[in-house]
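K.L.:
pasting the sequence and the predicted coordinates here, then a few questions.
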Amino acid sequence: MALQSPDLELIEAARSIIRERFKPNFHHVGAALRTQSGQIFAAVHLEANVGRIAVCAEAIALGMAAATGDTNVESIAAVDRNGNVVSPCGMCRELISDYSPDARVIVPGKGSAEVLSIRDLLPQKYIRNET
């Protein structure tokens, strides 16, 4: 799916937050999401000396949205510290899908960024079977 003006706005919000908050060895990715209500939440990822406890920018942006009670994500984008669009990792795909199974995700494409459904990025999603 081709990018629309609101998608470009999200990419710019992600670029802006990583430009403003970049700290070597601590913040390498910026993310921005827009909820169905139109709110935009932007965050940087948190690196740690113990790598396995790093927290992705997408997860932090979703947490910021959750703190306001607004987790119905319409679209989300992430960029590296150079402003290049990056695809969400597997854990972030799970989080996005858990909270917003109809979310649109801006990912790198052939030549430029493109939009995919989170369902396309996470086919055959694990669903907890509660009995």
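P.N.:
Noted; the coordinates are in hand.
K.L.:
measure residue 14 to residue 50 for me?
P.N.:
26 Å (Cβ to Cβ, to the nearest Å). Where you see a C-beta, it was placed from the backbone N, CA and C, and this is true even at glycine.
K.L.:
who has more neighbours out of those two?
P.N.:
Of the pair residue 14 and residue 50, residue 14 is the one with more neighbours under other Cβ atoms under 10 Å, namely 31 against 7.
K.L.:
how far away is that one from residue 58?
P.N.:
Going from residue 14 to residue 58 by Cβ to Cβ gives 10 Å.
K.L.:
in this structure, where is pLDDT below threshold?
P.N.:
By pLDDT under 70, the weakly predicted segments of the chain are 51, 131.
K.L.:
which helix runs longest in it?
P.N.:
When the chain is parsed with DSSP state H, its longest helix is helix 5-21.
K.L.:
okay, buried residues for that helix please.
P.N.:
Within helix 5-21, the residues that count as buried by 16 or more other Cβ atoms under 10 Å are 7, 10, 11, 13, 14, 15, 17, 18.
K.L.:
closest to residue 74 among those residues?
P.N.:
Lowest distance from residue 74 to these (Cβ to Cβ) belongs to residue 10, with 9.4 Å.
K.L.:
spit out the contact partners of that closest one.
P.N.:
Counting by Cβ atoms under 8 Å, 6 or more residues apart in numbering, residue 10 makes contact with 32, 33, 34, 40, 75, 76, 77, 106.
K.L.:
try residue 47
P.N.:
Taking Cβ under 8 Å, 6+ apart as the criterion, residue 47 is in contact with 25, 26, 27, 28, 54.
K.L.:
and residue 28, how close does it get to residue 88?
P.N.:
Note on residue 28: its distance to residue 88, by Cβ to Cβ, is 14 Å.
K.L.:
between the two, which has more neighbouring residues?
P.N.:
Of the pair residue 28 and residue 88, residue 88 is the one with more neighbours under other Cβ under 10 Å, namely 26 against 19.
K.L.:
quick check: closest non-adjacent residue to that one.
P.N.:
In space, residue 88 comes closest to residue 58 once its chain neighbours are excluded; the distance is 5.2 Å by Cβ to Cβ, 6 or more residues apart in numbering.
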